[in-house]
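Engineer: fold the following and give me the result.
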Amino acid sequence: MESRLSRRSFLSRSAGLAGACISVPCFIPSGVLAAPGRPGANDVINTGHIGVGGMGSYHLNYIKSHPQLARCVAIADVDKNHLKKAGEVMEGKAKLFADFRELLQMSEVDAVIIATPDHWHAVHTVMACEAGKDVYCEKPACCTIAEGRAMVNAARRYGRIVQIGSQGRSQPAAWYAGNYLRNGRVGKVSKVACWHYENPVGATKLDSEPPADLDYDAWLGPLRWRPYNRDCVHGNFRWLLESGGGQIRDRGAHVMSVALFLMNADHTGPRFIEATGAPPEQGLYECPPKMEVVYTFKDPDWVMYWSQPGEQPPEAADLGNNRYGAKYYGDNGTLVVSGGDGGTDTEKKAKDYHAPLNGVSVYRSPGHHEDFFNCMRTRQQPIMNIQAGHAVASVCILGNLAYRLGRKLEWDAAKEKFIGDDQANLLLNRPGRSIWHI
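Structural biologist: Numbering: from 1, shown residues only. You can find the predicted model right below:
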């Protein structure tokens, strides 16, 4: 696959692509094999991994243990310790980079697996699409509405396959529940009640100089500058509103991903959003320990509740991963789906149900990674494609914005703007730091 840009121009330019915000669909005949930027049916897919701490190490080990799917040829991370460990996992068979842009310049890389902190997702994905790579990006897709839209537009403009890592849709339980609900077994669903445990409170470490093994400036990337604090980097970025957004943007991107999938609502959005909560009384973390968000959807009419903590329904007692999930209320019954990520589970009645021949048949994913790699070959959209990922991330983001503003918001999902609220609209985007902007 030929590079679109010279190495020098690619490394020096920012991710602020004027074209990334232009939506141009790309149509590729399904019978074409081994076209530029597309592996053939028998070609080995080469992956490059950006971010290999936490979920990034999971993806790396998954690829290593599934050589029939793909092989890792390159790894990039701003933490030397992460990079060293990842190199050892790959037994020296992958090239290692401190700068992800060098990885994107490798012509042999077909797909990029992104598992960096949330604030990097949009820049990494847009630049990977520009470089002609397909993308598997961890959830949530983005931190702002504008970032998500730029990701969607970049994937369309460059004809790339992008899968977001909310893997609950690829779990068998989501397929069972989808067939059960979409075939009307509980009647018309008017309410979805999500439950989840509270955000943590804490982080009292003092600011300090970053460790020598971490390029802290590169870790911050698009985020505005803030002093290094050990309790606010790597996985702990999650508990700051600017970079992580708390449980609603973490596990909410799992629970509500399954909810939008089961409700067939990826191309819609809530009309009204209301949120309540209070900031922590101590520590550095900003996300409200307790939080309640009400999303009102129209045409069709239904309401989704994010309750943190919520009350676990009794039907969830015997289900796996039941610390979070959602209960679906229809006019003729209910269904509980626990989890929403790799541990998704549902009630026996849904597992035992078989859709009639003339009924709704929900797509059954072969597995989240498998679905992504299959779609790289067929150029079909994966089960958690970037449009779906943007829709789910938008719901999570809107909940936090309603909490921050402390008032009911009216949302135009088609225009991706708040109605009659200029102040709220200013929060749909934010400037990136230095060259890291979209």
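Engineer: residue 145 - nearest residue in space that isn't next to it in sequence?
Structural biologist: Using Cβ to Cβ, 6 or more residues apart in numbering and skipping residues adjacent in sequence, the residue nearest residue 145 is residue 428, 4.4 Å away. Quick note: C-beta positions are derived from backbone N, CA and C, even for glycine.
Engineer: so where's the stretch 151-300 of the chain uncertain?
Structural biologist: Segments of the stretch 151-300 of the chain classed as low confidence (criterion: pLDDT under 70) are not present in this model.
Engineer: can you show me the strands along it?
Structural biologist: In the stretch 151-300 of the chain, strands defined by DSSP state E, counting those that start in this stretch lie at 162-164, 189-195, 272-277, 291-297, listed in chain order.
Engineer: which helices and strands sit right next to the shortest one?
Structural biologist: In other words, strand 162-164. Contacts defined by 3 or more Cβ pairs under 8 Å, 6 or more residues apart in numbering; DSSP states H and E place strand 162-164 against strand 134-137, helix 368-378, helix 386-405.
Engineer: which of those is buried the deepest?
Structural biologist: strand 134-137 (a mean of 28; mean count of other Cβ atoms under 10 Å).
Engineer: which elements pack onto that strand?
Structural biologist: With contacts defined as 3+ Cβ pairs under 8 Å, 6+ apart, the packing partners of strand 134-137 are strand 111-114, helix 121-130, strand 162-164, helix 368-378.
Engineer: could you list the domains of this protein?
Structural biologist: Recorded structural domains for the chain (assignment: automatic domain parsing) are 7-168, 171-361+386-419.
Engineer: of these, which is nearest residue 370?
Structural biologist: Between residue 370 and the domains of the chain, the tightest spacing by Cβ to Cβ is seen for domain 7-168, at 6.6 Å.
Engineer: how far does that closest one sit from its chain's centre?
Structural biologist: In terms of Cα atoms, centre = their mean, to the nearest Å, the centre of domain 7-168 is found 13 Å from the chain centre.
Engineer: out of everything not next to it in sequence, what's closest to residue 430?
Structural biologist: Closest residue to residue 430 apart from its sequence neighbours, by Cβ to Cβ, 6+ apart: residue 144 at 5.9 Å.
Engineer: is it true that residue 103 lies in a helix?
Structural biologist: Yes: secondary structure assignment (DSSP: H, G, I helix; E, B strand; the rest coil) places residue 103 inside a helix.
Engineer: please renumber the chain so that the first residue is 349 from this point on.
Structural biologist: Fine by me, first position is 349 from now on; the one you just mentioned is residue 451.
Engineer: relative to residue 598, how far out is residue 553?
Structural biologist: Spatial separation of residue 553 from residue 598 under the definition Cβ to Cβ, to the nearest Å is 21 Å.
Engineer: quick one, which of the two is more surrounded?
Structural biologist: Under the neighbour definition other Cβ atoms under 10 Å, residue 553 and residue 598 were set side by side, and residue 598 has more, 22 against 14.
Engineer: thought that one was touching residue 591?
Structural biologist: No: Residue 598 is beyond contact range of residue 591, at 11.6 Å (criterion: Cβ atoms under 8 Å).
Engineer: could the strands of the stretch 499-648 of the chain be laid out in a markdown table, adding mean neighbour count?
Structural biologist: Formatted as a markdown table, the strands of the stretch 499-648 of the chain follow (neighbours: other Cβ atoms under 10 Å):
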| stretch | mean neighbour count |
| --- | --- |
| strand 510-512 | 31 |
| strand 537-543 | 21 |
| strand 620-625 | 20 |
| strand 639-645 | 21 |
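Engineer: for residue 479, report the pLDDT, please.
Structural biologist: Predicted confidence (pLDDT) at residue 479: the value is 98.
Engineer: report the spatially closest residue to it, excluding sequence-adjacent ones.
Structural biologist: Spatial nearest neighbour of residue 479, chain neighbours left out: residue 452 (4.2 Å); criterion: Cβ to Cβ, 6+ apart.
Engineer: residue 569 too?
Structural biologist: Ranked by Cβ to Cβ, 6+ apart and with sequence neighbours excluded, the top spatial neighbour of residue 569 is residue 784, at 4.9 Å.
Engineer: now residue 562
Structural biologist: With sequence-adjacent residues excluded and distances taken as Cβ to Cβ, 6+ apart, residue 562 is closest to residue 427, at 5.1 Å.
Engineer: tell me the SS of the residue nearest the centre of the chain?
Structural biologist: Of all residues in the chain, the one closest to the mean position by Cα atoms, centre = their mean is residue 487, 2.2 Å from it. The assignment at residue 487 comes out as coil when based on three-state DSSP.
Engineer: equivalent analysis for residue 420, please.
Structural biologist: Classification of residue 420 using three-state DSSP returns strand.
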